[in-house]
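S.K.: All I have is the shape, not the residue letters:
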Ligand code: HEM
């Protein structure tokens, strides 16, 4: 007779082996080669892929850093240049041997767009931390959220983004005291910029550039939201019971989150009362997203949200829009600091299209196509999102073309991971993917848009609902900043610019909820 622990161990091992084998088998037998006339079920071996011990996206997989036996959660970034067998596969599988679930991994624009384009796709359950929201809901509920939030990102709101960015930038500029200085905290400044912009244009709360120590509603809101935004990642990773443990830091996080949610609910109630007046003045008076969302709690609204759903949506907008935009801006400035020709072309476009900073409008900001291209290209090199998980609620078929044409049925209940890093660095989609080349997205004279898909924002029905918000905010900021300052990324002694780019990229990591470069010293020199 075997002792009990050995029996349990043997059963667990047998379970994992059978499960592993079953997952491999399912993913191989369903693979069909496509011929011109018929689909023939054939056995082509497994859909090639990764067979790690642990799922790198699981809790233990996240905790253990990448090493020779463990991929680590940063693997899409670390392997971006040679991912998916040197980019010879547009779809692979990841089947963990010991712990975690298997998934399909998408590595090209073509297959990613098929996934994004399907109606049958669910946001992954992890997005559910604030209850029902646009980021977490699925099916009819998600449609209701989307029908309220998407039209709220209106030209009126975007014009407000242009106006507010001028005001906030002016305050930020007053902190930049010298005409020639090395900024070691540019990322923090950008984070503050994007947070203040979300507060002003998203929540309609006119918080100031400098955080106030006062006790008025705006100051308290600013401070609570700042804490919430820096602890979002904890909120996402840890289960709710963790906050009940007697650990002061966790309790502090929990308290500030409760404070922020209560505050949002009480501001919403105030806005609800205000909205009754605005209704008489006309809907056009509503400038910020929050009031627009609150107006949907009115029974007479075409699509209605509950107050809790409005709070959930606002938290999603904060979560999705703050660190992502500041990370994209940081990478753009660092890349322009290493590419003076491209920076000059962006500067020339700003002066050509908007001769005076006081004349910035949504219309002329939208003409800054090359400036936008500079941001897209930086963002492609270092996307703010590492990967996007999708749960498949219905059987679907994905069409793969690399290394050969075939249809791959994906069963209901499967998970698909869009490896954004591999997609953005795939040489089939972006020739010479490691070089910074804004003219992929727009010609230098800004006249011609190259029709690339801006896949960094997703695509299809669940694409980023704040994409225009982020683009207008970022381009407005760049138009002010580059007009005033020439940017140089600080080089080490004897270092070439391309070596500096590699060095800076080597520091890329998750900073809060967004992937990015973090801090990198940047010298700014005042233009005349
Ligand atoms: C550079 C900045 C940004 C990047 C890179 C980005 C990226 C993305 C991506 C890739 C998705 C799709 C996720 C998926 O397919 O699962 C997404 C969704 C979303 N984004 Fe953004 N985003 C940015 C800025 C913003 C801003 C400023 C806002 C709000 C003001 C925002 C709000 C949202 C929301 C609410 C969703 C969920 C949409 C849905 O599920 O229907 N994002 N974002």
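M.R.: Nice, I can see it. Model, not experiment: these values are computed from the prediction.
S.K.: rest of the way, CA atoms for contacts and neighbours
M.R.: OK.
S.K.: Contact partners for residue 290?
M.R.: Applying C-alpha atoms under 8 Å, 6 or more residues apart in numbering, we find residue 290 in contact with 202-204, 268, 310, 314.
S.K.: List buried residues within these.
M.R.: 202-204, 268, 310, 314 (16 or more other C-alpha atoms under 10 Å).
S.K.: sorry, back to before: tell me which entries of the contacts of residue 290 lie within strands.
M.R.: Assigned to strands by DSSP state E, none of the contacts of residue 290 qualify.
S.K.: Which single residue in the stretch 251-400 of the chain comes nearest to the ligand?
M.R.: Nearest residue of the stretch 251-400 of the chain to the ligand (C-alpha to the nearest ligand atom) works out as residue 321 at 3.3 Å.
S.K.: My guess is that residue contacts residue 470. True?
M.R.: Yes - here residue 321 reaches residue 470: they are 7.1 Å apart, a contact under C-alpha atoms under 8 Å.
S.K.: where does the residue of the stretch 51-200 of the chain found nearest the ligand land in three-state SS?
M.R.: The nearest approach of the stretch 51-200 of the chain to the ligand comes at residue 135, 4.2 Å away (C-alpha to the nearest ligand atom). Secondary structure, DSSP: H, G, I helix; E, B strand; the rest coil: residue 135 is coil.
S.K.: and if you look at residue 510?
M.R.: strand.
S.K.: For it, list the residues it contacts.
M.R.: Residues counted as contacts of residue 510 (C-alpha under 8 Å, 6+ apart) are residue 516.
S.K.: again, only this time at 10 Å
M.R.: 74, 233, 327, 384-386, 516-518 (C-alpha atoms under 10 Å, 6 or more residues apart in numbering).
S.K.: mind listing the helices for the stretch 251-400 of the chain?
M.R.: 289-295, 307-338, 340-353, 362-366, 369-381 (DSSP state H, counting those that start in this stretch).
S.K.: can stretch 325-343 be found next to the ligand?
M.R.: Yes - using C-alpha under 6 Å from any ligand atom, stretch 325-343 comes into contact with the ligand via 325, 328.
S.K.: Give me every residue in the stretch 1-150 of the chain lying close to the ligand.
M.R.: Applying C-alpha under 6 Å from any ligand atom, we find that the stretch 1-150 of the chain lies next to the ligand at 134-135, 146.
S.K.: swap in the stretch 351-500 of the chain?
M.R.: Proximity of the stretch 351-500 of the chain to the ligand (C-alpha under 6 Å from any ligand atom) is limited to residues 384, 388, 456-458, 462-467, 469-470.
S.K.: Of these, which belong to strands?
M.R.: Per DSSP E, those map to strands at residue 388.
S.K.: which of the residues of the stretch 351-500 of the chain next to the ligand tops the neighbour count?
M.R.: Most neighbours among those, by other C-alpha atoms under 10 Å: residue 384, with 27 neighbours.
S.K.: How about the contacts made by it?
M.R.: Counting by C-alpha under 10 Å, 6+ apart, the residues that residue 384 touches are 323-328, 331, 420-421, 456-457, 509-511, 513-517.
S.K.: let's see it at 8 Å
M.R.: Contacts of residue 384 by C-alpha under 8 Å, 6+ apart are 324-325, 327-328, 456, 514-516.
S.K.: measure it to residue 188 for me?
M.R.: 16 Å (C-alpha to C-alpha, to the nearest Å).
S.K.: In which helix or strand does the nearest residue to residue 465 once chain neighbours are set aside reside?
M.R.: Excluding the flanking residues, the one nearest residue 465 by C-alpha to C-alpha, 6 or more residues apart in numbering is residue 150, at 5.9 Å. Element membership of residue 150 [criterion: DSSP states H and E] is helix 139-152.
S.K.: Does anything pack onto that helix? Which helices or strands?
M.R.: helix 289-295 (3 or more C-alpha pairs under 8 Å, 6 or more residues apart in numbering; DSSP states H and E).
S.K.: switch to 6 Å and redo it
M.R.: Helices and strands touching helix 139-152, as assessed by 3 or more C-alpha pairs under 6 Å, 6 or more residues apart in numbering; DSSP states H and E, are absent.
S.K.: hang on, the earlier thing: could you pick out the one among the buried ones among the contacts of residue 290 with the lowest pLDDT?
M.R.: When these are compared by pLDDT, residue 268 scores lowest at 86.
S.K.: show me what contacts that residue?
M.R.: Neighbour list for residue 268: empty [criterion: C-alpha atoms under 6 Å, 6 or more residues apart in numbering].
S.K.: Noted, bye for now.
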